[in-house]
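Colleague: coords please:
(2 chains)
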There are 2 protein chains.
Amino acid sequence: MIPGKAKAGGQPVRILGIDPGSRATGYGVIDCQGHALTFVTCGVIRTSEKKPFPERLEEIYDGIREVIAAYKPQLAGIEDIFTAINPRSALKLGHARGVLILAARQHGLLLEEYSPTVVKQAVAGYGQAPKEQVQHMVRVLLKLVASPSQDAADALAVAICRANHR
Amino acid sequence: MIPGKAKAGGQPVRILGIDPGSRATGYGVIDCQGHALTFVTCGVIRTSEKKPFPERLEEIYDGIREVIAAYKPQLAGIEDIFTAINPRSALKLGHARGVLILAARQHGLLLEEYSPTVVKQAVAGYGQAPKEQVQHMVRVLLKLVASPSQDAADALAVAICRANHR
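Modeller: As a prediction, this is how the structure comes out:
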């Protein structure tokens, strides 16, 4: 981590943050120039549990590819969750993460994985920060007028974390 | 399951079986015409643990797409493993299964998932059959002169299971 090494007048770096889930995958895109962070977009890719799982995986994959194609980020971060969940949940989440990581790789994004603790530390200065505090700090750091949804806020937090670790 | 419903003189159905793994993914392709099963090909997509995980996922995805493009199966089966493994292993396996299921879906394959017990039952008539017996029965059922590797044999067993359940 070499914060401030990028020149303020240099080209901004565009960063995609991903909070993976088989039902809801949050994404957030920010620009980063020196220490300055600028909000670009955020949203959630939702899939219906009524649909067959292969179809849902394709929706997640196509969804993140659309975001990447539209906003052309250079760097990406994805949340790495593997604690306190059972094998069945982990397997399902793994499928979603698999197609998301594949999409990032196919677009040549420099992808890093961060544990929730590291992400919370990056935005709230405290690895055990509650979700509401993360959501609040994302809003403050990106000067947003309204709070993004929980999944989108988590994705923006991952993007901020990726900016700090670039 | 309606075995024997297809006419012996009808078009053969080509079936892909997949035994997923992040290090080694077995695949097997068979033709099925009435009750007759014919071996087409089998193999293993191996990835190096020294490579970054996103690169390995792309190799698994590209590998199975090559198999599908070359052999053009219409049906597919994939082994569903989620018992007796820890969340970390389940998450990793989930990533591999995710990109494999995505590839099958993108090619319009009719994919079904089978537990190891159901697969063993299909080839050995006994859900708790040891691996060696599965390997042996695959060889007998497909009239192979030599035993395929363990991962390839497991994939062929999944293909046979898919044939029985079509």
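Colleague: What count of nearby residues applies to residue A:103?
Modeller: 26 (other Cβ atoms under 10 Å in any protein chain shown). Backbone N, C-alpha and C define where each C-beta goes, glycine included.
Colleague: got the contact list for it?
Modeller: Going by Cβ atoms under 8 Å, 6 or more residues apart in numbering or on different chains, residue A:103 touches A:61, A:64, A:65, A:68.
Colleague: With adjacent residues omitted, what lies nearest to residue A:21?
Modeller: Distance criterion Cβ to Cβ, 6 or more residues apart in numbering or on different chains; nearest residue to residue A:21, sequence neighbours excluded, is residue A:96 at 6.1 Å.
Colleague: how about that neighbour, secondary structure?
Modeller: helix (DSSP: H, G, I helix; E, B strand; the rest coil).
Colleague: Report the distance from the helix or strand containing residue A:104 to the chain centre.
Modeller: Using DSSP states H and E, residue A:104 sits in helix A:87-106. Relative to its parent chain, helix A:87-106 has a centroid offset of 14 Å by Cα atoms, centre = their mean, to the nearest Å.
Colleague: Check which helices and strands the helix or strand just after it is in contact with.
Modeller: Downstream of helix A:87-106, the next assigned helix or strand under DSSP H and E is strand A:110-114. Here strand A:110-114 touches strand A:75-79, helix A:87-106, helix A:150-164, going by 3 or more Cβ pairs under 8 Å, 6 or more residues apart in numbering or on different chains; DSSP states H and E.
Colleague: rank those by pLDDT, which is bottom?
Modeller: Between these, the lowest average pLDDT goes to helix A:87-106, which shows a mean of 91.
Colleague: in that one, what counts as buried?
Modeller: A:87, A:89-106 (16 or more other Cβ atoms under 10 Å in any protein chain shown).
Colleague: Any regions of chain A where pLDDT drops low?
Modeller: A:1-9, A:82-85 (pLDDT under 70).
Colleague: near chain B, which residues of it?
Modeller: Contact residues, chain A versus chain B (Cβ under 8 Å from any Cβ of the partner chain): A:53-55, A:57-58, A:61, A:82-83, A:85-99, A:101-102, A:104-106, A:111.
Colleague: which parts of stretch A:36-46 are buried?
Modeller: Applying 16+ other Cβ under 10 Å to stretch A:36-46 flags A:37, A:39, A:40, A:42, A:43, A:44, A:45 as buried.
Colleague: In chain A, what residue comes closest to chain B?
Modeller: Proximity of chain A to chain B (Cβ to the nearest Cβ) peaks at residue A:94, 2.0 Å away.
Colleague: Just give the closest residue to that residue, not the sequence neighbours.
Modeller: residue B:94 (2.0 Å).
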